[in-house]
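> can't give you the sequence, but here's the structure:
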């Protein structure tokens, strides 16, 4: 042995700015490795040809015109919730109350459809549905924001707890409006009169959420990037003290941003109740208020990247249903594959942020 | 770094290739299993059947449907497409339409909340037959291709009740309890007619052999909530109930009973695997006869009944497996009562066997049609008994009376 200090086999250095191409390459490699690991797991545990599994995942999402529409509709819903949360996340306000805000929006829409559906002209009912969904969603964002602004309460806890209140409220009204008595189900609201059903655009059941999602994406992008409000949100997130110094009213920004975040979630409630399901259940949001947190983080709060991340989640979920049907595998199997893929996608961020150096003897000899 | 990745890639590729190669024979076996057998009558039915299930086989409720669907389709020699984990929302409509797009001529959904969405799909695909279990709307919707189905499970519960009543008698004879302490506990889901019909028939069965029996009922507000069901059963046991049954799908209540050593009658499937000491009996609906009947009719273009009621006679109501600790002579007593029910000599809801607010029932308007007014619209008392799931009414239960001897602890749901 010589006297030189021992150089470790592997050492890490933080990368500076990563070229976009390198970052994309690393992500593509991560997805490929994830697919290979999934293939190995599938082959070893189920004995089904992984290629067949992959092809049926694709056909589950895009196998027919209808399936493609449903996939796009589901992506739109998840995307709007993610965008709504992102506005708050940009402020480092961890709004994990998307679930409750969506439910409250849905409750507002359902209340108008049930109580006013046959009494007022359809256009008026729809306007009232829109207003009540946005207001109730906004209210569910406003309450935790107010507590944060006044008492500096932990918003992660308060937004989370608001979810449970929303769920219980929806359950209460479900029992109040149930048909038939005792069934615990509201069923399709105004199934014959279609009062309060949001209009079908160009004769398509699926188009409305997609168009709204495009509009919301554009809005959120412009809002956080180019408006004064968006700038204030960022400054408050980076440093509340700086905001005070430059004369931003931090309390006002917190409350205003959460009202917007909650209202956008409320909009999703309106779409789910008035446009898609035409009923209200406590599970109508189906955990998407939480999934959206993941979608937003994975996209690093970038509205356009969020289109991709929400697509991956929905694509895998639709595929999971298809492999459950086709190979008699449990739906959970698809979830396992999704878990593996997400593990690699999130894990590869490490390789984007850090560079690995492996001890190289050739260099030393020179 | 490139080298490292290419090495990784190459290794993983090799491994996955090996895995694929090893699987080839298994895939072949699958294909041969798919080749259909000839149907009973020798002629092959030309139809594909689609099934929509609320959960997957981990729920006893859905497992019961999945098992029957596979058995029926195998017997008929036709292809079955089973979609699991379909929520009671627009997803059900989407799933039904996807099945229709795939060429299914017969589509079935298993959960109550699927009904409205099946109706929407049925309106859109008039040439496809849509069948729905536990639903209430087929007789008022006037759609030629939408049908409801249920079974006279109240008869199965009544027989299960007899087994439970005999167990109570044994406990009284052994001096474990006095005759006045013969209190049964029941964990229900909602104050829905199907549940009320279920616990009342079970209670009447028990009281037909143990006259001093009483009952307490609690509701969980969910068809599947293991924790709530376990808590419900524990609450009933600490309230002095010496025997428990339930109308909810999880193992919560049987497990609580096994832990406390309290006898339990189960539903949908036997639970003696996990609860060998306390299991008495189970009853369930076997959907195979209905699937065979309705799929055959759909394939041949014959009319499917608007409301189908499977019975003990059609093999749709099953009670066939008793626990090791049942009272002596239980099986014989159940068989005798079963024969009487089939022969029409015995009626579960015989108005002479129960009272409502102290009086015998001579007339009752039941809420058979589903609408926002919870009002009675059909006379249900016929020839001295409550005509549950009767002809010209609907297949799903509508017995929603509060009879004397049963106490509801809570009615929040």
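Right, received. Where do you want to start? Predicted, not measured: the structure shown is a model, and the values here were computed from it.

> tell me the first helix or strand C-terminal of the helix or strand where residue A:75 lies.
Using DSSP states H and E, residue A:75 maps to helix A:65-89. Sequence-wise, the next helix or strand downstream of helix A:65-89 (DSSP H and E) is helix A:98-116.

> and that next one, what's buried?
A:98-114, A:116 (16 or more other Cβ atoms under 10 Å in any protein chain shown). No exception for glycine: its C-beta is placed from N, CA and C like everyone else's.

> what number of residues lie near residue 301?
Picking chain A for this. 18 (other Cβ atoms under 10 Å in any protein chain shown).

> my bad, chain B
8.

> in contact with it, which residues?
Listed by Cβ atoms under 8 Å, 6 or more residues apart in numbering or on different chains, residue B:301 has no contact partners.

> okay, it and residue B:75: tell me how far apart.
20 Å (Cβ to Cβ, to the nearest Å).

> pretty sure residue A:322 sits against residue A:55.
No - the pair residue A:322 / residue A:55 is not scored as a contact, 9.9 Å apart, by Cβ atoms under 8 Å.

> who has more neighbours, those two?
residue A:322 (22 against 15).

> what separation do you get for the more buried one and residue A:276?
In terms of Cβ to Cβ, residue A:322 sits 20 Å off from residue A:276.

> how about the helices of the stretch 101-250 of chain B, start to end?
B:115-124, B:138-141, B:153-173, B:193-209, B:226-238 (DSSP state H, counting those that start in this stretch).

> so which of those comes closest to residue B:396?
helix B:193-209 (6.4 Å; Cβ to Cβ).

> which single residue in the stretch 301-413 of chain B comes nearest to chain A?
Going by Cβ to the nearest Cβ, chain A is nearest to residue B:374 of the stretch 301-413 of chain B, at 4.3 Å.

> burial count for the residue lying closest to that residue once chain neighbours are set aside?
Leaving aside its chain neighbours, residue B:374 sits nearest to residue A:181 (4.3 Å; criterion: Cβ to Cβ, 6 or more residues apart in numbering or on different chains). By the criterion of other Cβ under 10 Å, residue A:181 has 18 neighbours.

> quick one: name the residues of the stretch 51-200 of chain B near chain A.
B:56-58, B:81-85, B:87-90, B:94, B:97-98, B:101, B:112-113, B:115-117, B:119-120, B:136, B:189-193, B:195-196 (Cβ under 8 Å from any Cβ of the partner chain).

> strands of the stretch 251-400 of chain B, residue ranges please.
B:264-267, B:279-285, B:307-310, B:317-318, B:365-366, B:378-379, B:381-382, B:385-386 (DSSP state E, counting those that start in this stretch).

> tabulate the ones you listed in CSV, adding columns for mean neighbour count and distance to residue B:251.
CSV is the format used below for those (neighbours: other Cβ atoms under 10 Å in any protein chain shown; distance: least, Cβ to Cβ, whole Å):
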stretch, mean neighbour count, distance to residue B:251
strand B:264-267, 28, 9
strand B:279-285, 26, 11
strand B:307-310, 22, 25
strand B:317-318, 22, 20
strand B:365-366, 18, 33
strand B:378-379, 14, 37
strand B:381-382, 14, 38
strand B:385-386, 21, 32
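
> Serialize these to TSV and add fields for mean pLDDT and distance to chain A.
Formatted as TSV, those follow (pLDDT from 0 to 100; distance: least, Cβ to the nearest Cβ, whole Å):
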stretch	mean pLDDT	distance to chain A
strand B:264-267	93	18
strand B:279-285	94	18
strand B:307-310	94	15
strand B:317-318	95	22
strand B:365-366	90	11
strand B:378-379	90	13
strand B:381-382	89	20
strand B:385-386	92	17
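
> make a markdown table out of the ones you listed and add distance to residue B:218.
Below are those laid out as a markdown table (distance: least, Cβ to Cβ, whole Å):
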| stretch | distance to residue B:218 |
| --- | --- |
| strand B:264-267 | 15 |
| strand B:279-285 | 20 |
| strand B:307-310 | 29 |
| strand B:317-318 | 26 |
| strand B:365-366 | 24 |
| strand B:378-379 | 30 |
| strand B:381-382 | 29 |
| strand B:385-386 | 24 |
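
> for residue B:167, find the nearest of those.
Nearest of the strands of the stretch 251-400 of chain B (Cβ to Cβ): strand B:279-285, 5.7 Å.

> ok, the spatially most central residue of chain A to residue A:82 distance?
Against the mean C-alpha coordinate of chain A, by Cα atoms, centre = their mean, the closest residue is residue A:292 at 2.1 Å. Per Cβ to Cβ, residue A:292 is found 4 Å from residue A:82.

> go on, residue B:47?
Applying Cβ to Cβ to residue B:47 and residue A:82 gives a distance of 43 Å.

> okay, these two: which has more neighbours?
residue A:82 (33 against 20).

> list the residues that contact that one.
Contacts of residue A:82 by Cβ under 8 Å, 6+ apart are A:292, A:295, A:296, A:299, A:306, A:309, A:310.

> need the helices for chain A, in chain order.
A:20-46, A:50-62, A:65-89, A:98-116, A:122-151, A:155-177, A:207-226, A:228-238, A:240-245, A:250-270, A:288-298, A:303-327, A:331-353, A:361-365 (DSSP state H).
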